[in-house]
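**Q** sequence and predicted structure are below.
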Amino acid sequence: MKTFLHISSLILLATILVLAGCSKKSDGPGSTGKKAKVTITVSNTFSKAEGDYFNATVTASTSTGTTIDWTVNGTRKTGTAITVGTDDFNGGKTIILESSSEFYTGLVKMGGFEMGATPYSVSYKVEVNGSVKDQGNQTIVKNQDPIFTKDIQL
């Protein structure tokens, strides 16, 4: 399942980069100027030792196809896509991902499953230019079908 989520993230990232790279640079509405903040909290019942899994990936690019950097809890991260996962959320944590610069298009992809006996919960809030784009809460339980996944276009 972990491999499936990583492959899906890479396919989505490639699609975004191709579309952004092929677009004409424009000074029109929506061509630039977006900034994003993603807040994800996983409850303290989340346990890597029980086989719990949760992953979140963010990516964004400018109208010329250049990917941007993100900060993870205030620390700048560079890469095509920034991923936080099970190790980062173990024991229950809040992680804030913020775009370091303005972008044209982007994506947040998150998901997880429960292998142990203790359910855990996830709450998320995605803001673009200070306005809430999407938010919600999800309880993750063992043998949940379908597993929890969420994609949010930025």
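**A** Structure's in. What do you need? Numbering: from 1, shown residues only.
**Q** so Gly112 sits against Ser43, correct?
**A** No: the pair Gly112 / Ser43 is not scored as a contact, 11.5 Å apart, by CB atoms under 8 Å. C-beta: built from backbone N, CA, C; applies to glycine.
**Q** neighbour count: those two, which is higher?
**A** With neighbours defined as other CB atoms under 10 Å, Gly112 and Ser43 compare such that Gly112 has more, 25 against 18.
**Q** shaky segments in the chain?
**A** The model of the chain has pLDDT under 70 over residues 1-32.
**Q** strands of that one, residue ranges please.
**A** Taking DSSP state E as the criterion, the chain contains strands spanning 36-42, 53-61, 70-72, 75-77, 82-84, 93-99, 105-113, 120-128, 131-140, 148-153.
**Q** next, show the common contact partners of Gly112 and Ser43.
**A** Val122 (CB atoms under 8 Å, 6 or more residues apart in numbering).
**Q** circling back: which one of the strands of the chain is the most hemmed in?
**A** Comparing the strands of the chain by mean neighbour count (mean count of other CB atoms under 10 Å), strand 53-61 comes out on top with a mean of 23.
**Q** would you put the C-alpha positions of that one in CSV?
**A** The C-alpha trace of strand 53-61 is given here as CSV (Å, rounded to 0.1, in the frame of the first residue of the first chain):
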residue,chain,number,x,y,z
TYR,A,53,0.7,4.5,8.3
PHE,A,54,0.1,8.1,7.2
ASN,A,55,1.7,10.1,4.5
ALA,A,56,1.2,13.6,3.1
THR,A,57,2.9,15.1,0.0
VAL,A,58,2.8,18.7,-1.3
THR,A,59,4.1,20.0,-4.5
ALA,A,60,3.7,23.2,-6.5
SER,A,61,5.2,24.9,-9.5
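**Q** tilt between it and strand 148-153?
**A** Strand 53-61 and strand 148-153 are oriented at 10 degrees to each other (axes from the mean of the first three to the mean of the last three CA atoms, to 10 degrees).
**Q** what is the neighbour count of the nearest residue to Asp87 once chain neighbours are set aside?
**A** Leaving out its chain neighbours, the residue that sits closest to Asp87 by CB to CB, 6 or more residues apart in numbering is Lys48, at 6.8 Å. Neighbour count for Lys48, taken as other CB under 10 Å: 15.
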